[in-house]
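A.B. asks: The following comprises the amino acid sequence and a computationally predicted model.
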Amino acid sequence: MKNLFNDFKFTPKIVISIIFTIFFANYIASLLFSGKNSLDTYGDLISNKVQLEEEIKRLQSENASLQKDYFELKNLEPEQ
């Protein structure tokens, strides 16, 4: 029986390593799946980016139309 334990003299180091690995993996998983830096937040940001880009295109088109109307009205006024 003593020979069996002598073969495993590094067992405490292995157990500590396994425990450390489990806690580290849990920490990494919590970073990925919860909190302000999570994958869900990243997905929401991408969705918001797409919506904002569409809003920018719409506003640019509206701005061009309004500028056209403005310059047409400006040319109709008598020059001073």
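C.D. replies: Good, I have the coordinates.
A.B. asks: So in the protein, which helix runs the longest?
C.D. replies: Under DSSP state H, the helix in the chain containing the largest number of residues is helix 39-76.
A.B. asks: Remind me what that one packs against, helices and strands.
C.D. replies: Using 3 or more C-beta pairs under 8 Å, 6 or more residues apart in numbering; DSSP states H and E, the elements in contact with helix 39-76 are helix 11-33. Quick note: C-beta positions are derived from backbone N, CA and C, even for glycine.
A.B. asks: got the buried residues for the helix it packs on?
C.D. replies: For helix 11-33, a neighbour-count test (16 or more other C-beta atoms under 10 Å) marks nothing as buried.
A.B. asks: Using PDB, write out the CA atom coordinates for it.
C.D. replies: Only the C-alpha atoms of helix 11-33 are listed here, as PDB (Å, rounded to 0.1, in the frame of the first residue of the first chain):
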ATOM      1  CA  THR A  11      -1.300  14.100  -6.400                       C
ATOM      2  CA  PRO A  12      -1.700  17.300  -4.300                       C
ATOM      3  CA  LYS A  13      -0.200  19.300  -7.100                       C
ATOM      4  CA  ILE A  14      -2.500  17.700  -9.600                       C
ATOM      5  CA  VAL A  15      -5.600  18.200  -7.400                       C
ATOM      6  CA  ILE A  16      -4.700  21.900  -6.900                       C
ATOM      7  CA  SER A  17      -4.100  22.200 -10.700                       C
ATOM      8  CA  ILE A  18      -7.500  20.700 -11.500                       C
ATOM      9  CA  ILE A  19      -9.300  23.000  -9.000                       C
ATOM     10  CA  PHE A  20      -7.500  26.000 -10.300                       C
ATOM     11  CA  THR A  21      -8.400  25.000 -13.900                       C
ATOM     12  CA  ILE A  22     -12.100  24.600 -12.900                       C
ATOM     13  CA  PHE A  23     -12.200  28.000 -11.300                       C
ATOM     14  CA  PHE A  24     -10.400  29.700 -14.200                       C
ATOM     15  CA  ALA A  25     -12.700  28.000 -16.700                       C
ATOM     16  CA  ASN A  26     -15.700  29.300 -14.700                       C
ATOM     17  CA  TYR A  27     -14.300  32.800 -14.700                       C
ATOM     18  CA  ILE A  28     -13.800  32.800 -18.400                       C
ATOM     19  CA  ALA A  29     -17.300  31.400 -19.000                       C
ATOM     20  CA  SER A  30     -18.800  34.100 -16.800                       C
ATOM     21  CA  LEU A  31     -16.900  36.800 -18.800                       C
ATOM     22  CA  LEU A  32     -18.200  35.400 -22.100                       C
ATOM     23  CA  PHE A  33     -21.800  34.800 -21.100                       C
END
